[in-house]
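Trainee: need a structure here:
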Amino acid sequence: MNQPPPRPRRPGFFRRLGARLRTVLRLVLHFLHPARFVLAPLLIVLLLAGVLLSLTGGLAYVAPFVYTLF
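Mentor: Sure, this is the predicted structure:
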């Protein structure tokens, strides 16, 4: 009987978290370049919206306020 090939293992929680934090750090360092410093408020608003949505899990009473931002 043929067995299906084993599924690849998903990276662990801390490995995924580290990859996400590295991405955020690279974005912050990119925006801190003097020529791109004017885009820092955009980055701050996007990060705050992302943190708000991830902490609340997209709750129904928070979503309308986030939609008005965009």
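
Trainee: look up how far Ala35 lies from Leu48.
Mentor: Note on Leu48: its distance to Ala35, by CB to CB, to the nearest Å, is 23 Å. Any C-beta I mention is one placed from the backbone N, CA and C, and that applies to glycine too.

Trainee: so between these two, which is more surrounded?
Mentor: Using other CB atoms under 10 Å as the criterion, Leu48 and Ala35 rank with Leu48 on top: 12 against 6.

Trainee: so is that one in a helix, a strand, or just coil?
Mentor: helix (DSSP: H, G, I helix; E, B strand; the rest coil).

Trainee: tell me the pLDDT at it?
Mentor: In this prediction, Leu48 carries a pLDDT score of 84.

Trainee: any idea how far Phe65 is from it?
Mentor: 12 Å.

Trainee: and for Leu21?
Mentor: From Leu21 across to Phe65, the span is 26 Å (CB to CB).

Trainee: same thing with Pro34?
Mentor: According to CB to CB, Pro34 and Phe65 sit 33 Å apart.

Trainee: between these two, which one's more packed in?
Mentor: Ranked by neighbour count (other CB under 10 Å), Pro34 and Phe65 place Phe65 first, with 10 against 6.

Trainee: Pro5: neighbour count?
Mentor: Pro5: 6 surrounding residues under other CB under 10 Å.

Trainee: need the three-state assignment for it.
Mentor: Here Pro5 is recorded as coil under three-state DSSP.

Trainee: now the helices for the protein?
Mentor: 13-31, 40-56, 63-69 (DSSP state H).

Trainee: save those helices as TSV, and put in distance to Pro6 too.
Mentor: Formatted as TSV, the helices of the chain follow (distance: least, CB to CB, whole Å):
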stretch	distance to Pro6
helix 13-31	19
helix 40-56	31
helix 63-69	39
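
Trainee: nearest to Asn2, out of the ones you listed?
Mentor: Distance to Asn2, taken as CB to CB, is lowest for helix 13-31 among the helices of the chain, at 31.8 Å.

Trainee: neighbours around Ser54, how many?
Mentor: Count around Ser54 with other CB under 10 Å applied: 9.

Trainee: same question but for Thr56, I mixed them up
Mentor: Neighbours around Thr56, by other CB under 10 Å: 13.
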